[in-house]
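1. Sequence and predicted structure are below.
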Amino acid sequence: DVRFEIPAPDDPPLRGVARALPSAVYGDGAHVALFLSDPARAEGPDAESLRDRFQLTPAEAALAVQLAQGAALVDAARILDIAHNTARSHLRAIFAKTGTHRQGQLIHLLRTTGSDFDL
């Protein structure tokens, strides 16, 4: 991972992470994922909102939050103190419950809907 900041006049800098992806992750040939966050905004959805919106278990919601914040699956598993295979199992369940099929789609869904879950 490459971490960086983008200066913003009169505001805190945007934080970013660029992550290389295996070519098999996306069928369109994309090989880099870029995650940007604005420190002035929330870091993404909270676990309780995700549980309510998508009927996730507490463990699934915790993993989804880590992924939405830019953690790789292996890093999220380490942070949550779970086995990588357990994290993969949770991720498959999250895909099914959110209607996504790839981690990039899931992260996009979580980041674009943010904490705006009061439908």
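-> Received, thanks.
2. For the longest strand seen in the chain, which strands pair with it and how are they oriented?
-> The strand that spans the most residues within the chain, counting by DSSP state E, is strand 11-20. When pairing is defined by DSSP bridges, strand 11-20 lines up against strand 2-8 (antiparallel), strand 32-37 (antiparallel).
3. Contacts for that strand, please.
-> 1-8, 31-40, 70, 72 (C-beta atoms under 8 Å, 6 or more residues apart in numbering). Backbone N, C-alpha and C define where each C-beta goes, glycine included.
4. For L110, see how far away the residue most central in space within the chain is.
-> When C-alpha atoms, centre = their mean is applied to the chain, the residue found nearest the centroid is A68 (2.1 Å). A68 is 4 Å from L110, where distance means C-beta to C-beta, to the nearest Å.
5. for Q66, same thing?
-> Q66 is 10 Å from L110, by C-beta to C-beta.
6. Tell me the buried residues in the helix or strand where S49 lies?
-> S49 belongs to helix 47-54 when assigned by DSSP states H and E. The neighbour-count check on helix 47-54 (16 or more other C-beta atoms under 10 Å) flags 47, 49-51, 53-54 as buried.
7. Can you name the residues that contact A93?
-> Contacts of A93 by C-beta under 8 Å, 6+ apart are 56-57, 60.
8. Go again with 10 Å.
-> For A93, the contacting residues are 56-57, 59-60, 63, by C-beta atoms under 10 Å, 6 or more residues apart in numbering.
9. Let's see which of the residues you listed end up in strands.
-> Checked against DSSP E, the contacts of A93 include nothing in strands.
10. Could you work out the most separated pair of those residues?
-> T57 and L63 (9.5 Å; C-beta to C-beta).
11. Which stretches in the chain count as helices?
-> Secondary structure of the chain (DSSP state H): helices located at 47-54, 58-68, 73-80, 84-98, 103-113.
12. out of those, deepest packed?
-> Compared across the helices of the chain, helix 58-68 shows the largest average neighbour count, a mean of 21 (mean count of other C-beta atoms under 10 Å).
13. hey, which helix or strand in the chain has the poorest pLDDT?
-> strand 32-37 (a mean of 76; mean pLDDT, DSSP states H and E).
14. Nice, that's everything, thank you.
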